[in-house]
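# Please work out how this folds:
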Amino acid sequence: MFLTTARALLAISTLVCALTSMADGRLPISFVLDWKLQGVHSWYYLAEDRGYFDRENIELNIDQGDGSAATVTKIMAGTYQAGFGDVNAIIQNAARRPESTPVMVYMVYNRAPFAIMTLADGPIHRLEDLQGARLGSPAGGAAMRMFDTLARLNNLDADSVEWVNMAPNLQEQMLLRGEVDASAVFSVTSYVNLLAQGKDPEQDVRWFHYADHGVALYGNGVMVSPELIEQHPQAVHGLVRAINHGIRDAIADPDAAIEALAKREPLINKALEKQRLLYTLKTVMLTPEVSDNGLGQTDPERLARSIEQVADVFELPARPSASRVFTDEFLPPRAQRQAGQ
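Numbers count the residues shown, from 1 in each chain. Below you'll find the predicted structure:
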């Protein structure tokens, strides 16, 4: 009964907020993150605190998530209108249900943060040393699924690898205990998990980033429903402008971004979340491609390759077009998307 009452009160509160927003001319947009609050979400709250969404007449209601692929299915179900999630999940769903699959409108992670991590003092020094090794991964983990592509591009025998299934929160521990030779991970998560366990991810661990070895995949970004694009295209422009402004501000002042995050979740470890933010900027966001094309953009040829790689691994019934997966229609001018300017 308590849960039922709580849900009812939450629904009433959400309705009241939506009606208030519409009354003062702001469009309410429901937005879901890919996970619990972390440093990589700080720019949304920094943008909110600095009034960037208000300036665009948007009332952005942000909820925590439970997976970057789940963002796509939640938008498809109509629970949310927009969110932060994985473009590769868009590719998979667009191959089967293109009419309801969201579209990426701002690419945040220019490189998918998939990596193989192994101990720096262990026997694996090169990719070739992974042959015959025991690799850890959660069952169905994206980095594990994409390992065949990594292997094919680098002439490795993928069948020689023995996979050990484990809970996501045990990947670092089992590697450190020597229970696996390496793990297929989401680097921006494992990096901070290692820090939390008193390890130096730069010195104690050797990283093989998929993006450095031929895997063309992009990662997480801002996606919106087809309905939001059709019914409120100017709001999508405004949403992207505000988020882009927040990201640029977070790059310029990471401490301010983390403080904005901490206002929503006071229990976060601010030092670790700042490390996560800085590591993400360095490894998956501020790439040479972003330097050339600006934040939020993709390279059409690379995006086409990434669609082929995902389609091959997941045996998709069709190859969705690049324009069905991502559009730059709503991006601000390039001059406004240059980091540090």
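# Check the gap between the closest residue to Arg334 other than its chain neighbours and Ser306 for me.
For Arg334, ignoring the flanking residues on the chain, the nearest one in space by CB to CB, 6 or more residues apart in numbering is Gly294 at 4.4 Å. Every C-beta, even on glycine, is put in place using the N, C-alpha and C of the backbone. Distance, Gly294 to Ser306, using CB to CB, to the nearest Å: 19 Å.
# who's more crowded, the two?
Shown here are Gly294 and Ser306; by other CB atoms under 10 Å, Ser306 has more neighbours (24 against 20).
# Three-state assignment for that one, please.
helix (DSSP: H, G, I helix; E, B strand; the rest coil).
# The closest residue to it other than its chain neighbours and Asp204, how far apart?
Excluding the flanking residues, the one nearest Ser306 by CB to CB, 6+ apart is Ala216, at 4.3 Å. Distance of Ala216 to Asp204, given as CB to CB: 29 Å.
# Name the residue in these two with the higher neighbour count.
The neighbour comparison of Ala216 against Asp204 (other CB under 10 Å) goes to Ala216, with 21 against 15.
# so who does that one touch?
Arg302, Leu303, Arg305, Ser306, Gln309 (CB atoms under 8 Å, 6 or more residues apart in numbering).
# List only those of those residues flagged as buried.
Buried residues within those, counting neighbours by 16 or more other CB atoms under 10 Å: Leu303, Arg305, Ser306, Gln309.
# Looking at those, which two lie furthest apart in space?
In terms of CB to CB, the buried ones among the contacts of Ala216 reach their longest pairwise distance at Leu303 and Gln309, which sit 10.7 Å apart.
# how about the strands in the stretch 101-250 of the chain?
103-107, 114-119, 134-137, 162-165, 182-186, 205-209, 220-224 (DSSP state E, counting those that start in this stretch).
# Ok, which of the ones you listed comes nearest Ile58?
Closest approach to Ile58 among the strands of the stretch 101-250 of the chain (CB to CB): strand 220-224, 11.9 Å.
# Give me the pLDDT for the nearest residue to Gly141 once chain neighbours are set aside.
Leaving aside its chain neighbours, Gly141 sits nearest to Ala184 (6.2 Å; criterion: CB to CB, 6+ apart). Note on Ala184: pLDDT of 97.
# Show me the beta-bridge partners of Ala184.
Note on Ala184: beta-bridge partners by DSSP bridges are Ile116.
# For it, give me its contacts.
Shown in contact with Ala184 (CB under 8 Å, 6+ apart): Phe114, Ala115, Ile116, Leu135, Gly136, Ser137, Gly141, Ala143, Met144, Phe147.
# Over to His209?
So His209 contacts Arg111, Pro113, Phe114, Ala115, Ser187, Thr283 (CB under 8 Å, 6+ apart).
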